[in-house]
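> Need the 3D shape of this:
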Amino acid sequence: MGIQSVLCQVCQGVLPASGKEAYTALRGRLIVSNGYCAGGCAERRAGQEAGQDAGQPVHQRPAPPPVAPVASRPAAASGAGPVRVAR
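Residues are numbered from 1 along each chain as shown. Purely as a prediction, here's the structure:
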């Protein structure tokens with residue numbers, strides 16, 4: 001079993017195994033480093049290429065609006081100190 005047979009050709013995520021015997025130390029390290037393939041990568045890539053060929057923009061999830069930074073205050077100035085939980 002080579003690394004290429006374990007990885008998705010599109011996203012480089014680890015493909016699901018066919019059985020418990022396929023979960024080796026190598027597969028475990030790849031899962032930790034690359035994560036799992038979510039599936040549908042080839043279809044998404046084909047859709048993106050088809051959209052680009054047709055001159056249509058590829059629909060992407062809009063970026064979230066930026067978050068304004070909050071000014072930090074020292075704990076003593078705010079009147080709040082550490083919180084203790086009684087057990």
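> wait, doesn't R45 sit right on V10?
Yes: under the criterion of CB atoms under 8 Å, R45 makes contact with V10 at 5.4 Å. (C-beta placed from N, C-alpha, C; glycine too.)
> what bits of the chain have low per-residue confidence?
Residues of the chain meeting the criterion pLDDT under 70: 1-4, 52-64, 68-81.
> can you give me the helices for it?
Secondary structure of the chain (DSSP state H): helices at 3-6, 25-34, 41-53, 75-78.
> got CSV for the ones you listed, with mean neighbour count and distance to V85 too?
Shown next, in CSV, are those (neighbours: other CB atoms under 10 Å; distance: least, CB to CB, whole Å):
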stretch, mean neighbour count, distance to V85
helix 3-6, 11, 46
helix 25-34, 13, 34
helix 41-53, 12, 46
helix 75-78, 8, 17
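> which one of these lies closest to R84?
Closest of those to R84 is helix 75-78, at 14.0 Å (criterion: CB to CB).
> among the helices of the chain, which is nearest A86?
Using CB to CB, the nearest of the helices of the chain to A86 is helix 75-78, at 20.5 Å.
> With A25 as the reference, measure out to V6.
Using CB to CB, to the nearest Å, V6 is found at 12 Å from A25.
> Identify the contacts common to these two.
Listed as contacting both V6 and A25 by CB atoms under 8 Å, 6 or more residues apart in numbering is no residue at all.
> ok so, going back, closest to G19 out of the helices of the chain?
Of these, nearest to G19 by CB to CB is helix 25-34, at 11.8 Å.
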